[in-house]
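S.K.: What shape does this take:
(chains A and B)
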Protein chains: 2
Amino acid sequence: MSLAHKGLDFTRVPTRFPEVRQIEGGASKTVPVINDGGTIVSDSFAIAEYLEDTYPDRPSLFGGEGGRATTRFVESWTQWVVHPQLVRVAIMDIHDCLSPEDQAWFRADREGKFGKPLEDIRMTGEEAQEAFSKSLDPLRATLKKQPFVGGEGPLFADYIVFGAFQWARVVSAHEFLPAGDPVADWFARCLDLHGGLGAKVPACG
Amino acid sequence: MSLAHKGLDFTRVPTRFPEVRQIEGGASKTVPVINDGGTIVSDSFAIAEYLEDTYPDRPSLFGGEGGRATTRFVESWTQWVVHPQLVRVAIMDIHDCLSPEDQAWFRADREGKFGKPLEDIRMTGEEAQEAFSKSLDPLRATLKKQPFVGGEGPLFADYIVFGAFQWARVVSAHEFLPAGDPVADWFARCLDLHGGLGAKVPACG
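M.R.: Okay, here's the model as predicted:
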(Lines give C-alpha, C1' and ligand atoms only; values in the text may rest on other atoms or scores of the structure.)
Protein backbone atom coordinates (compact mmCIF):
# COMPACT_ATOMS: atom_id res chain seq x y z
CA MET A 1 0.00 0.00 0.00
CA SER A 2 2.86 2.38 0.81
CA LEU A 3 4.54 1.65 -2.54
CA ALA A 4 1.27 2.25 -4.38
CA HIS A 5 0.66 5.43 -2.34
CA LYS A 6 4.02 6.71 -3.57
CA GLY A 7 3.14 5.68 -7.14
CA LEU A 8 6.12 3.33 -7.38
CA ASP A 9 6.20 0.22 -9.56
CA PHE A 10 6.96 -3.03 -7.80
CA THR A 11 7.09 -6.77 -8.32
CA ARG A 12 5.79 -9.04 -5.56
CA VAL A 13 7.69 -12.20 -4.66
CA PRO A 14 5.59 -14.86 -2.89
CA THR A 15 7.30 -16.77 -0.12
CA ARG A 16 6.61 -19.44 2.49
CA PHE A 17 6.84 -19.25 6.29
CA PRO A 18 10.03 -21.32 6.66
CA GLU A 19 11.77 -19.33 3.90
CA VAL A 20 11.25 -15.84 5.31
CA ARG A 21 14.65 -15.85 7.01
CA GLN A 22 16.39 -16.53 3.70
CA ILE A 23 14.95 -13.53 1.82
CA GLU A 24 17.70 -11.35 0.33
CA GLY A 25 20.40 -13.48 1.91
CA GLY A 26 18.91 -13.35 5.42
CA ALA A 27 18.18 -9.63 5.63
CA SER A 28 15.31 -10.04 8.10
CA LYS A 29 13.48 -12.50 10.33
CA THR A 30 10.11 -11.11 9.23
CA VAL A 31 8.29 -9.81 6.17
CA PRO A 32 7.82 -7.31 4.59
CA VAL A 33 11.23 -6.81 2.98
CA ILE A 34 11.83 -4.53 -0.03
CA ASN A 35 14.74 -4.37 -2.44
CA ASP A 36 14.83 -0.92 -4.05
CA GLY A 37 17.57 -1.09 -6.66
CA GLY A 38 19.90 -2.84 -4.23
CA THR A 39 18.81 -1.11 -1.04
CA ILE A 40 17.25 -3.70 1.29
CA VAL A 41 14.79 -2.47 3.93
CA SER A 42 12.62 -4.57 6.25
CA ASP A 43 9.84 -3.70 8.74
CA SER A 44 6.74 -1.82 7.54
CA PHE A 45 7.49 1.39 9.43
CA ALA A 46 11.15 1.46 8.36
CA ILE A 47 10.03 0.90 4.77
CA ALA A 48 7.54 3.79 4.99
CA GLU A 49 10.23 6.06 6.43
CA TYR A 50 12.70 4.98 3.73
CA LEU A 51 10.13 5.70 0.99
CA GLU A 52 9.22 9.06 2.53
CA ASP A 53 12.86 10.15 2.75
CA THR A 54 13.90 8.70 -0.64
CA TYR A 55 10.88 9.94 -2.60
CA PRO A 56 9.94 13.20 -0.87
CA ASP A 57 8.31 14.69 -3.99
CA ARG A 58 5.69 11.94 -4.22
CA PRO A 59 2.51 11.87 -2.08
CA SER A 60 3.46 11.92 1.61
CA LEU A 61 2.91 8.85 3.79
CA PHE A 62 3.00 10.88 7.01
CA GLY A 63 1.82 14.40 6.22
CA GLY A 64 4.72 16.03 8.06
CA GLU A 65 7.01 15.28 11.00
CA GLY A 66 4.19 15.40 13.57
CA GLY A 67 2.35 12.77 11.58
CA ARG A 68 5.45 10.59 11.41
CA ALA A 69 5.83 10.70 15.21
CA THR A 70 2.18 10.15 16.18
CA THR A 71 1.90 7.34 13.62
CA ARG A 72 4.22 5.42 15.96
CA PHE A 73 1.34 5.38 18.41
CA VAL A 74 -1.01 3.94 15.78
CA GLU A 75 1.64 1.31 15.01
CA SER A 76 2.00 0.40 18.70
CA TRP A 77 -1.77 0.19 19.15
CA THR A 78 -2.04 -2.13 16.14
CA GLN A 79 0.80 -4.33 17.41
CA TRP A 80 -0.40 -4.52 21.02
CA VAL A 81 -4.19 -4.46 20.67
CA VAL A 82 -5.34 -5.48 17.19
CA HIS A 83 -2.79 -7.98 15.92
CA PRO A 84 -2.62 -10.29 18.98
CA GLN A 85 -6.40 -10.69 18.97
CA LEU A 86 -6.58 -11.36 15.22
CA VAL A 87 -3.82 -13.96 15.58
CA ARG A 88 -5.60 -15.76 18.38
CA VAL A 89 -8.92 -15.88 16.52
CA ALA A 90 -7.38 -16.89 13.18
CA ILE A 91 -4.57 -19.19 14.30
CA MET A 92 -6.19 -22.50 13.27
CA ASP A 93 -7.33 -20.97 9.96
CA ILE A 94 -3.76 -19.92 9.21
CA HIS A 95 -2.57 -23.41 10.04
CA ASP A 96 -5.23 -25.08 7.91
CA CYS A 97 -4.43 -23.18 4.72
CA LEU A 98 -0.71 -24.09 4.79
CA SER A 99 0.96 -27.03 3.02
CA PRO A 100 1.63 -30.06 5.28
CA GLU A 101 5.32 -29.23 5.74
CA ASP A 102 4.58 -25.57 6.45
CA GLN A 103 1.92 -26.69 8.92
CA ALA A 104 4.53 -28.65 10.86
CA TRP A 105 6.90 -25.66 10.89
CA PHE A 106 4.11 -23.25 11.88
CA ARG A 107 2.83 -25.46 14.69
CA ALA A 108 6.30 -25.98 16.18
CA ASP A 109 7.21 -22.29 15.91
CA ARG A 110 3.99 -20.85 17.31
CA GLU A 111 3.52 -23.45 20.05
CA GLY A 112 7.09 -22.66 21.14
CA LYS A 113 6.28 -18.94 21.29
CA PHE A 114 2.95 -19.27 23.10
CA GLY A 115 3.96 -22.24 25.25
CA LYS A 116 0.76 -24.18 24.49
CA PRO A 117 -0.95 -26.11 21.67
CA LEU A 118 -2.41 -24.11 18.76
CA GLU A 119 -5.87 -25.36 19.72
CA ASP A 120 -5.50 -23.69 23.16
CA ILE A 121 -4.14 -20.41 21.76
CA ARG A 122 -7.28 -19.99 19.69
CA MET A 123 -9.91 -17.56 21.03
CA THR A 124 -13.49 -18.32 20.13
CA GLY A 125 -17.00 -17.40 21.15
CA GLU A 126 -19.12 -14.35 21.66
CA GLU A 127 -17.14 -13.04 24.61
CA ALA A 128 -13.93 -12.89 22.57
CA GLN A 129 -15.83 -11.19 19.73
CA GLU A 130 -17.26 -8.57 22.09
CA ALA A 131 -13.91 -7.85 23.71
CA PHE A 132 -12.36 -7.51 20.27
CA SER A 133 -15.08 -5.12 19.08
CA LYS A 134 -14.76 -3.05 22.25
CA SER A 135 -10.99 -2.80 21.81
CA LEU A 136 -11.62 -1.13 18.44
CA ASP A 137 -13.50 1.78 20.08
CA PRO A 138 -10.64 4.27 19.60
CA LEU A 139 -10.44 3.49 15.88
CA ARG A 140 -14.23 3.55 15.56
CA ALA A 141 -14.48 6.94 17.29
CA THR A 142 -11.76 8.36 15.02
CA LEU A 143 -13.55 7.11 11.90
CA LYS A 144 -16.78 8.77 13.00
CA LYS A 145 -14.92 12.08 12.79
CA GLN A 146 -13.01 11.58 9.54
CA PRO A 147 -12.96 9.01 6.69
CA PHE A 148 -9.37 7.87 7.32
CA VAL A 149 -6.99 7.80 10.28
CA GLY A 150 -4.88 10.12 8.12
CA GLY A 151 -7.80 12.55 7.75
CA GLU A 152 -9.65 13.14 4.46
CA GLY A 153 -7.34 10.72 2.66
CA PRO A 154 -5.28 7.71 3.74
CA LEU A 155 -1.78 7.91 5.18
CA PHE A 156 0.62 5.25 6.40
CA ALA A 157 -1.30 5.33 9.70
CA ASP A 158 -4.21 3.74 7.80
CA TYR A 159 -2.05 1.15 6.06
CA ILE A 160 -0.66 -0.11 9.37
CA VAL A 161 -4.10 -0.92 10.73
CA PHE A 162 -5.41 -2.02 7.33
CA GLY A 163 -2.49 -4.46 7.02
CA ALA A 164 -3.59 -6.32 10.13
CA PHE A 165 -7.20 -6.66 8.98
CA GLN A 166 -6.22 -7.50 5.40
CA TRP A 167 -4.00 -10.28 6.70
CA ALA A 168 -6.96 -11.61 8.72
CA ARG A 169 -9.27 -11.39 5.67
CA VAL A 170 -6.81 -13.38 3.59
CA VAL A 171 -6.10 -16.17 6.09
CA SER A 172 -9.46 -16.62 7.81
CA ALA A 173 -13.12 -16.93 6.83
CA HIS A 174 -14.07 -15.51 10.24
CA GLU A 175 -16.06 -12.28 10.03
CA PHE A 176 -13.98 -9.93 12.18
CA LEU A 177 -15.95 -6.76 11.40
CA PRO A 178 -19.75 -6.86 11.36
CA ALA A 179 -21.50 -5.00 8.53
CA GLY A 180 -22.45 -1.46 9.51
CA ASP A 181 -19.48 -0.99 11.82
CA PRO A 182 -17.65 2.24 10.88
CA VAL A 183 -14.45 0.17 11.04
CA ALA A 184 -15.89 -2.21 8.41
CA ASP A 185 -16.81 0.76 6.19
CA TRP A 186 -13.30 2.16 6.52
CA PHE A 187 -11.81 -1.26 5.72
CA ALA A 188 -13.94 -1.40 2.55
CA ARG A 189 -12.64 2.06 1.58
CA CYS A 190 -9.08 0.86 2.11
CA LEU A 191 -9.66 -2.24 -0.03
CA ASP A 192 -10.69 0.06 -2.89
CA LEU A 193 -7.64 2.33 -2.70
CA HIS A 194 -5.00 2.43 -5.43
CA GLY A 195 -7.13 0.71 -8.04
CA GLY A 196 -8.46 -1.90 -5.65
CA LEU A 197 -4.98 -3.17 -4.78
CA GLY A 198 -6.16 -4.70 -1.50
CA ALA A 199 -9.41 -6.09 -2.89
CA LYS A 200 -7.50 -7.99 -5.60
CA VAL A 201 -5.93 -10.29 -3.02
CA PRO A 202 -8.32 -13.25 -2.81
CA ALA A 203 -10.03 -13.74 0.53
CA CYS A 204 -9.78 -17.03 2.38
CA GLY A 205 -12.19 -19.77 1.40
CA MET B 1 -0.36 23.20 28.03
CA SER B 2 -1.38 24.16 24.49
CA LEU B 3 -1.42 27.87 25.40
CA ALA B 4 2.02 27.57 26.98
CA HIS B 5 3.29 25.58 23.98
CA LYS B 6 2.23 28.50 21.78
CA GLY B 7 3.90 30.95 24.17
CA LEU B 8 0.62 32.78 24.82
CA ASP B 9 -0.19 34.61 28.07
CA PHE B 10 -3.32 33.53 29.86
CA THR B 11 -5.27 33.98 33.06
CA ARG B 12 -6.88 30.94 34.68
CA VAL B 13 -10.38 31.20 36.13
CA PRO B 14 -11.21 28.52 38.73
CA THR B 15 -14.74 27.17 38.66
CA ARG B 16 -16.94 24.57 40.35
CA PHE B 17 -18.70 21.53 38.87
CA PRO B 18 -22.26 22.98 39.00
CA GLU B 19 -21.09 26.26 37.43
CA VAL B 20 -19.41 24.82 34.34
CA ARG B 21 -22.54 25.29 32.25
CA GLN B 22 -22.63 29.01 33.06
CA ILE B 23 -19.11 29.83 31.83
CA GLU B 24 -19.13 32.62 29.23
CA GLY B 25 -22.92 32.77 29.25
CA GLY B 26 -23.40 29.02 28.73
CA ALA B 27 -20.91 28.49 25.91
CA SER B 28 -20.26 24.85 26.78
CA LYS B 29 -21.37 21.94 28.95
CA THR B 30 -17.78 21.01 29.69
CA VAL B 31 -14.39 22.55 30.42
CA PRO B 32 -11.96 23.62 29.07
CA VAL B 33 -13.30 26.88 27.60
CA ILE B 34 -11.08 29.74 26.40
CA ASN B 35 -11.90 33.37 25.70
CA ASP B 36 -9.30 34.79 23.32
CA GLY B 37 -10.11 38.49 23.01
CA GLY B 38 -13.80 37.74 22.64
CA THR B 39 -13.54 34.50 20.68
CA ILE B 40 -14.96 31.67 22.81
CA VAL B 41 -13.77 28.13 22.07
CA SER B 42 -14.50 24.97 24.07
CA ASP B 43 -13.24 21.37 23.82
CA SER B 44 -9.49 20.66 24.06
CA PHE B 45 -9.09 19.54 20.46
CA ALA B 46 -11.09 22.47 19.05
CA ILE B 47 -8.98 24.82 21.19
CA ALA B 48 -5.75 23.29 19.87
CA GLU B 49 -7.00 23.61 16.29
CA TYR B 50 -8.07 27.22 16.92
CA LEU B 51 -4.65 28.08 18.36
CA GLU B 52 -2.85 26.32 15.51
CA ASP B 53 -4.86 28.19 12.87
CA THR B 54 -4.84 31.57 14.66
CA TYR B 55 -1.16 31.53 15.67
CA PRO B 56 0.52 29.61 12.82
CA ASP B 57 3.90 31.31 13.31
CA ARG B 58 4.29 30.02 16.86
CA PRO B 59 5.49 26.46 17.70
CA SER B 60 3.18 23.93 16.07
CA LEU B 61 0.84 21.78 18.16
CA PHE B 62 0.43 19.17 15.42
CA GLY B 63 3.58 19.21 13.28
CA GLY B 64 1.63 19.34 10.04
CA GLU B 65 -1.70 18.13 8.66
CA GLY B 66 -0.85 14.45 9.04
CA GLY B 67 -0.14 15.05 12.70
CA ARG B 68 -3.43 16.88 13.15
CA ALA B 69 -5.35 13.94 11.67
CA THR B 70 -3.58 11.11 13.48
CA THR B 71 -3.79 13.03 16.76
CA ARG B 72 -7.54 12.36 16.54
CA PHE B 73 -6.69 8.73 17.11
CA VAL B 74 -4.65 9.59 20.21
CA GLU B 75 -7.61 11.66 21.43
CA SER B 76 -10.04 8.79 20.85
CA TRP B 77 -7.77 6.31 22.60
CA THR B 78 -7.50 8.64 25.61
CA GLN B 79 -11.27 9.13 25.72
CA TRP B 80 -12.19 5.47 25.29
CA VAL B 81 -9.37 3.66 27.09
CA VAL B 82 -7.54 5.89 29.57
CA HIS B 83 -10.12 8.34 30.87
CA PRO B 84 -12.92 5.86 31.74
CA GLN B 85 -10.52 3.76 33.80
CA LEU B 86 -9.05 6.76 35.63
CA VAL B 87 -12.58 7.96 36.42
CA ARG B 88 -13.61 4.62 37.83
CA VAL B 89 -10.52 4.33 40.03
CA ALA B 90 -10.65 7.95 41.24
CA ILE B 91 -14.38 8.55 41.51
CA MET B 92 -14.63 8.45 45.32
CA ASP B 93 -11.48 10.60 45.63
CA ILE B 94 -13.04 13.22 43.36
CA HIS B 95 -16.18 13.15 45.45
CA ASP B 96 -14.29 13.41 48.73
CA CYS B 97 -12.34 16.54 47.79
CA LEU B 98 -15.45 18.54 46.83
CA SER B 99 -17.45 20.87 49.08
CA PRO B 100 -20.62 19.33 50.57
CA GLU B 101 -22.94 21.01 48.06
CA ASP B 102 -20.72 20.07 45.11
CA GLN B 103 -20.61 16.51 46.47
CA ALA B 104 -24.40 16.32 46.29
CA TRP B 105 -24.38 17.65 42.71
CA PHE B 106 -21.56 15.31 41.68
CA ARG B 107 -23.18 12.22 43.20
CA ALA B 108 -26.55 12.89 41.57
CA ASP B 109 -25.00 13.68 38.19
CA ARG B 110 -22.60 10.74 38.02
CA GLU B 111 -24.96 8.18 39.51
CA GLY B 112 -27.49 9.25 36.87
CA LYS B 113 -24.93 8.73 34.11
CA PHE B 114 -23.62 5.37 35.32
CA GLY B 115 -26.95 4.09 36.65
CA LYS B 116 -25.48 2.94 39.97
CA PRO B 117 -24.07 4.31 43.25
CA LEU B 118 -20.63 5.96 43.19
CA GLU B 119 -19.36 3.21 45.48
CA ASP B 120 -20.24 0.58 42.85
CA ILE B 121 -18.74 2.54 39.95
CA ARG B 122 -15.38 2.54 41.70
CA MET B 123 -12.83 0.02 40.45
CA THR B 124 -10.35 -1.26 43.01
CA GLY B 125 -7.88 -4.05 43.50
CA GLU B 126 -4.94 -5.62 41.78
CA GLU B 127 -6.94 -6.95 38.84
CA ALA B 128 -8.14 -3.47 37.90
CA GLN B 129 -4.60 -2.14 38.28
CA GLU B 130 -3.22 -4.88 36.00
CA ALA B 131 -5.90 -4.33 33.36
CA PHE B 132 -5.20 -0.60 33.47
CA SER B 133 -1.46 -1.10 33.12
CA LYS B 134 -1.97 -3.53 30.23
CA SER B 135 -4.24 -1.06 28.45
CA LEU B 136 -1.34 1.42 28.42
CA ASP B 137 0.84 -0.96 26.35
CA PRO B 138 0.45 1.06 23.12
CA LEU B 139 1.59 4.25 24.87
CA ARG B 140 4.40 2.40 26.66
CA ALA B 141 5.66 0.87 23.40
CA THR B 142 5.61 4.29 21.71
CA LEU B 143 7.58 5.87 24.55
CA LYS B 144 10.23 3.17 24.30
CA LYS B 145 10.88 4.42 20.76
CA GLN B 146 10.77 8.18 21.35
CA PRO B 147 10.61 10.54 24.38
CA PHE B 148 7.20 12.01 23.47
CA VAL B 149 4.15 10.88 21.50
CA GLY B 150 4.97 13.86 19.29
CA GLY B 151 8.54 12.58 18.74
CA GLU B 152 11.65 14.28 20.13
CA GLY B 153 9.52 17.03 21.67
CA PRO B 154 5.91 17.27 22.87
CA LEU B 155 2.93 18.01 20.65
CA PHE B 156 -0.78 18.29 21.37
CA ALA B 157 -0.89 14.48 21.13
CA ASP B 158 1.10 14.43 24.39
CA TYR B 159 -1.05 17.05 26.08
CA ILE B 160 -4.24 15.05 25.45
CA VAL B 161 -2.91 12.01 27.27
CA PHE B 162 -1.07 14.09 29.86
CA GLY B 163 -4.30 15.95 30.65
CA ALA B 164 -6.00 12.72 31.71
CA PHE B 165 -3.16 11.67 34.01
CA GLN B 166 -2.68 15.18 35.38
CA TRP B 167 -6.35 15.30 36.28
CA ALA B 168 -5.96 11.97 38.08
CA ARG B 169 -2.86 13.21 39.92
CA VAL B 170 -4.72 16.29 41.13
CA VAL B 171 -7.90 14.57 42.31
CA SER B 172 -6.60 11.28 43.66
CA ALA B 173 -3.80 10.05 45.91
CA HIS B 174 -3.91 6.70 44.07
CA GLU B 175 -0.63 5.80 42.36
CA PHE B 176 -1.75 5.20 38.79
CA LEU B 177 1.74 4.79 37.32
CA PRO B 178 4.33 2.71 39.16
CA ALA B 179 7.88 4.11 39.31
CA GLY B 180 10.07 2.81 36.49
CA ASP B 181 7.20 2.54 34.02
CA PRO B 182 8.17 4.37 30.79
CA VAL B 183 4.74 6.01 31.00
CA ALA B 184 5.60 7.37 34.47
CA ASP B 185 8.90 8.72 33.15
CA TRP B 186 7.10 10.43 30.26
CA PHE B 187 4.53 11.87 32.67
CA ALA B 188 7.38 13.32 34.77
CA ARG B 189 8.86 14.89 31.62
CA CYS B 190 5.47 16.43 30.82
CA LEU B 191 5.12 17.84 34.34
CA ASP B 192 8.43 19.67 33.80
CA LEU B 193 7.48 21.24 30.46
CA HIS B 194 6.94 24.98 30.05
CA GLY B 195 8.65 25.96 33.29
CA GLY B 196 7.03 23.19 35.30
CA LEU B 197 3.51 24.38 34.49
CA GLY B 198 1.99 20.99 35.24
CA ALA B 199 4.11 20.32 38.34
CA LYS B 200 2.95 23.61 39.89
CA VAL B 201 -0.61 22.31 40.26
CA PRO B 202 -0.67 20.77 43.75
CA ALA B 203 -1.30 17.04 43.88
CA CYS B 204 -4.15 15.60 45.90
CA GLY B 205 -3.56 15.05 49.60
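S.K.: tell me the SS of the residue of chain A positioned farthest from its centre?
M.R.: No residue in chain A sits farther from the centre than residue A:57, which is 25.7 Å out by C-alpha atoms, centre = their mean. With DSSP: H, G, I helix; E, B strand; the rest coil as the basis, residue A:57 sits in coil.
S.K.: And the pLDDT at it?
M.R.: pLDDT for residue A:57: 97.
S.K.: just how off-centre is stretch A:198-205 within its chain?
M.R.: 14 Å (C-alpha atoms, centre = their mean, to the nearest Å).
S.K.: what's in contact with it?
M.R.: Stretch A:198-205 has contacts (C-beta atoms under 8 Å, 6 or more residues apart in numbering or on different chains) with A:1, A:93, A:97, A:162, A:166, A:169-173, A:190-192. For glycine as for every other residue, the C-beta is placed from the backbone atoms N, C-alpha and C.
S.K.: please redo it, this time with the cut-off set to 6 Å
M.R.: By C-beta atoms under 6 Å, 6 or more residues apart in numbering or on different chains, the list of residues contacting stretch A:198-205 from outside reads A:166, A:169, A:170, A:171, A:172, A:173, A:190, A:191.
S.K.: Taking those, please make a ChimeraX selection of just the buried ones.
M.R.: In ChimeraX, a selection of the buried entries from the contacts of stretch A:198-205 looks like this (16 or more other C-beta atoms under 10 Å in any protein chain shown):
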select /A:166,169,170,171,172,190,191
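S.K.: From the contacts of stretch A:198-205, which land in helices?
M.R.: A:166, A:169, A:170, A:171, A:190, A:191 (DSSP state H).
S.K.: farthest-separated two in those residues?
M.R.: The span of the ones in helices among the contacts of stretch A:198-205, defined through C-beta to C-beta, is set by A:171 and A:190 at 17.2 Å.
S.K.: Enumerate the residues of chain A near chain B.
M.R.: Contact residues, chain A versus chain B (C-beta under 6 Å from any C-beta of the partner chain): A:62-67, A:69-74, A:76-77, A:80, A:137-138, A:141-142, A:145, A:149-151, A:155, A:157.
S.K.: What count of nearby residues applies to residue A:120?
M.R.: Counted with other C-beta atoms under 10 Å in any protein chain shown, residues neighbouring residue A:120 total 10.
S.K.: Ramachandran angles for it?
M.R.: Here is the backbone geometry of residue A:120 (degrees, to the nearest 10): phi -90, psi -20.
S.K.: Do you know the pLDDT at the spatially most central residue of chain A?
M.R.: The geometric centre of chain A, computed from its C-alpha atoms, lies nearest to residue A:163 (C-alpha atoms, centre = their mean), at 2.2 Å. Note on residue A:163: pLDDT of 97.
S.K.: which element is it on?
M.R.: Secondary structure from DSSP states H and E places residue A:163 in helix A:156-171.
S.K.: Now do the strands in chain A.
M.R.: A:33-36, A:39-42 (DSSP state E).
S.K.: I'd like those strands as CSV, with mean pLDDT appended.
M.R.: Output for the strands of chain A, formatted as CSV (pLDDT from 0 to 100):
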stretch, mean pLDDT
strand A:33-36, 97
strand A:39-42, 97
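S.K.: will you turn those strands into CSV that also has mean neighbour count?
M.R.: Output for these, formatted as CSV (neighbours: other C-beta atoms under 10 Å in any protein chain shown):
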stretch, mean neighbour count
strand A:33-36, 16
strand A:39-42, 15
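S.K.: Any chance of the ones you listed in CSV with distance to residue B:124 as columns?
M.R.: What follows is the strands of chain A, written out as CSV (distance: least, C-beta to C-beta, whole Å):
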stretch, distance to residue B:124
strand A:33-36, 48
strand A:39-42, 45
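S.K.: For chain B, see how far away the residue nearest to the centre of chain A is.
M.R.: For residue A:163, the distance to chain B (C-beta to the nearest C-beta, to the nearest Å) stands at 16 Å.
S.K.: ok so, going back, how far away from the center of its chain is the helix holding residue A:163?
M.R.: Put simply, helix A:156-171 sits 3 Å off its chain's centre (C-alpha atoms, centre = their mean).
S.K.: among the strands of chain A, which is nearest residue A:114?
M.R.: Nearest to residue A:114 among the strands of chain A is strand A:39-42; the distance by C-beta to C-beta comes to 23.7 Å.
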